[in-house]
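K.L.:
Generate coordinates for the sequence data below:
(one chain, ligands or ions: 1)
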Amino acid sequence: MTEQLLTIQWKNDKLVLLDQTLLPNEIVYNEYESLESVWEAIRVMQVRGAPAIGVAAAYGVYLGIKDAPETSFDAFWEVMQKGTDYLATSRPTAVNLFWAIDRMKSVAIDHKTLPISHLKERLIEEAIEIHHEDEEINKQIGENLLGLLKDGMGVLTHCNAGALATTKYGTATSPMYLAKERGWNLKVYADETRPRLQGSTLTAFELYQAGIDVTVITDSMAAVVMSQGKIDAIIVGADRVAANGDVANKIGTLGVSILAKNYNIPFYVAVPTPTIDLETKTGKDIPIEEREKEEVIKGFGAYTAPADVAVYNPAFDVTPAENVTAIVTEKGIVRAPFAENLRALFA
Ligand SMILES: CSC[C@H]1O[C@H](OP(=O)(O)O)[C@H](O)[C@@H]1O
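P.N.:
Have a look, this model is predicted:
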């Protein structure tokens with residue numbers, strides 16, 4: 001990247017988001033001053049990626065209360081509750097959205113005795129803290145993943161769990177940036193990832209701009225590159241990891257994990273601990289977002305199927321824990337038995 005593309009910025013009391021729906025053709029930053037506009041940005045995927053959604057939501061919560069009444073905590077809390085309930089309807093699968101909302105609400109409750117004007121200042125401080133934590137978390141995930149990789153390896157990734165899905169480094173792409181800094185040469189294969197093409201429009205864009213060796217393949221080519229021995233490891237992100245280690249991630253991840261097992265290739269899931277949801281017991285309990293049919297049959301502008309044809313467009317699927325080699329977090333590498341070892345992360 002010739003200029004540092006920042007997914008998310010907090011500038012002059014406004015949220016600034018890079019519009020990811022325009023990449024790789026246009027670099028456009030938009031300013032947001034209301035919770036409702038942040039809801040829309042998350043819904044239409046101008047900002048996307050579990051960690052980035054969480055950080056944007058934290059700022060959205062603040063934007064929703066910055067003009068709330070300061071007469072009493074109850075009056076303030078009524079506005080906060082209404083706004084966060086609405087924000088929570090933007091997208092259902094990435095647990096980071098709900099994690100960020102809950103964290104902001106906890107800070108409000110923990111400081112309910114403060115004058116409301118001071119409480120508002122405390123809340124924007126918390127959103128900024130969540131933002132800064134994400135960058136540190138991602139770098140540590142990259143360090144932990146590097147220990148599992150070797151210079152010269154071929155690595156396949158699906159969708160975008162990159163810098164554009166977070167505040168910096170990414171999760172799955174973090175070791176790719178760190179490897180580049182250390183003079184390693186990892187050869188990355190990026191699944192284009194139908195239907196929204198986050199792999200080609202975002203992952204290939206950000207890695208190419210960073211001078212990292214990246215090759216775009218169609219999702220249907222993943223099997224052949226594995227069969228040709230080009231892939232030594234697979235690294236994906238996640239939108240929610242259930243307590244038993246089942247992983248909700250972009251649609252197509254399940255298929256990649258099955259191929260990985262067939263070709264005996266390690267399948268790593270790179271996640272910050274806020275993406276791990278111990279309240280959700282298994283993958284069957286993870287809400288899977290279904291999106292508009294046009295993403296599938298009109299993704300390139302013209303219809304590629306009859307306009308009235310039935311379309312099934314789940315945005316995510318669930319990879320069972322038994323397909324996962326390791327879940328790599330900022331706190332360390334978690335292997336099976338996942339239920340026990342994920343709980344230990346939070347002990
Ligand atoms: C680092 S998590 C990124 C995660 O989010 C993506 O979904 P979306 O682009 O729809 O927000 C995808 O599942 C990535 O793995």
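K.L.:
shaky segments in the stretch 151-300 of the chain?
P.N.:
Of all residues in the stretch 151-300 of the chain, none has pLDDT under 70.
K.L.:
Tell me where it has strands.
P.N.:
154-158, 187-191, 214-217, 233-236, 240-242, 247-250, 267-270, 276-277 (DSSP state E, counting those that start in this stretch).
K.L.:
distance between the third one and the chain's centre?
P.N.:
When you say that, I think you mean strand 214-217. 20 Å (Cα atoms, centre = their mean, to the nearest Å).
K.L.:
For that strand, name the packing helices and strands.
P.N.:
strand 187-191, helix 204-209 (3 or more Cβ pairs under 8 Å, 6 or more residues apart in numbering; DSSP states H and E). Every residue, glycine included, has its C-beta placed from N, CA and C.
K.L.:
Please confirm that H131 is located within a strand.
P.N.:
No: with DSSP: H, G, I helix; E, B strand; the rest coil as the criterion, H131 is assigned helix and is not in a strand.
K.L.:
Touching, it and T167? I think so.
P.N.:
Yes: look at H131 against T167 with Cβ atoms under 8 Å: they come within range, at 5.8 Å.
K.L.:
Neighbour count: those two, which is higher?
P.N.:
Remark: of H131 and T167, T167 carries more neighbours, 26 against 20, as counted by other Cβ atoms under 10 Å.
K.L.:
and that one, what does it touch?
P.N.:
Counting by Cβ atoms under 8 Å, 6 or more residues apart in numbering, T167 touches 6-8, 51-52, 55, 131, 134-135, 138.
K.L.:
Just the ones of those residues in strands?
P.N.:
I8 (DSSP state E).
K.L.:
which of the contacts of T167 are buried?
P.N.:
The neighbour-count test (16 or more other Cβ atoms under 10 Å) marks 6-8, 51-52, 55, 131, 134, 138 as buried among these.
K.L.:
Check those residues one by one and keep those near the ligand.
P.N.:
Among the buried ones among the contacts of T167, proximity to the ligand is found for P51 (Cβ under 6 Å from any ligand atom).
K.L.:
Give me the neighbour count for G211.
P.N.:
G211 has 9 neighbouring residues, counting by other Cβ under 10 Å.
K.L.:
Show me which residues of the chain sit near the ligand.
P.N.:
Residues of the chain lying near the ligand (Cβ under 6 Å from any ligand atom): 48-51, 159, 161, 165-166, 171, 198, 236-237, 239, 249-250, 315.
K.L.:
5 Å instead, please
P.N.:
Neighbours of the ligand within the chain, by Cβ under 5 Å from any ligand atom: 48-50, 159, 161, 165, 171, 198, 237, 239, 249-250.
K.L.:
Go through those residues and name the one nearest L123.
P.N.:
Closest to L123 out of the residues of the chain next to the ligand is A50 (21.7 Å), distances taken as Cβ to Cβ.
K.L.:
isn't that closest one right up against V247?
P.N.:
No: A50 is beyond contact range of V247, at 11.4 Å (criterion: Cβ under 8 Å).
K.L.:
Overlap of the contact sets of those two?
P.N.:
Counting by Cβ under 8 Å, 6+ apart, the residues touching both A50 and V247 are 238, 240.
K.L.:
okay, these two: which has more neighbours?
P.N.:
Higher neighbour count among A50 and V247: V247, with 31 against 27, using other Cβ under 10 Å.
K.L.:
surely the more buried one meets F267?
P.N.:
No: assessed by Cβ under 8 Å, V247 is found out of contact with F267, at 9.5 Å.
K.L.:
so what sits against both of the two?
P.N.:
Between them, V247 and F267 share the contacting residues 236, 319, 324, judged by Cβ under 8 Å, 6+ apart.
K.L.:
Tell me, domain by domain, which residues of this structure belong where.
P.N.:
What the TED database lists as the domains of the chain is 8-138, 149-345.
K.L.:
picking that back up, and which of the contacts of T167 is nearest the ligand?
P.N.:
P51 (5.4 Å; Cβ to the nearest ligand atom).
K.L.:
For burial, what's the neighbour tally of the closest residue to the ligand within the stretch 1-150 of the chain?
P.N.:
In the stretch 1-150 of the chain, the residue that lies nearest the ligand is R48 (3.4 Å; Cβ to the nearest ligand atom). Other residues lying near R48 total 26 when counted by other Cβ under 10 Å.
K.L.:
Make TSV out of the buried ones among the contacts of T167 and add pLDDT.
P.N.:
Listed next are these as TSV, based on pLDDT from 0 to 100:
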residue	pLDDT
L6	93
T7	96
I8	98
P51	98
A52	98
V55	98
H131	98
D134	97
N138	97
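K.L.:
Test my guess that T329 contacts G142.
P.N.:
No: judged on Cβ under 8 Å, T329 makes no contact with G142 at a distance of 11.5 Å.
K.L.:
any idea where the helices of the stretch 151-300 of the chain begin and end?
P.N.:
174-181, 198, 204-209, 222-227, 253-262, 294-297 (DSSP state H, counting those that start in this stretch).
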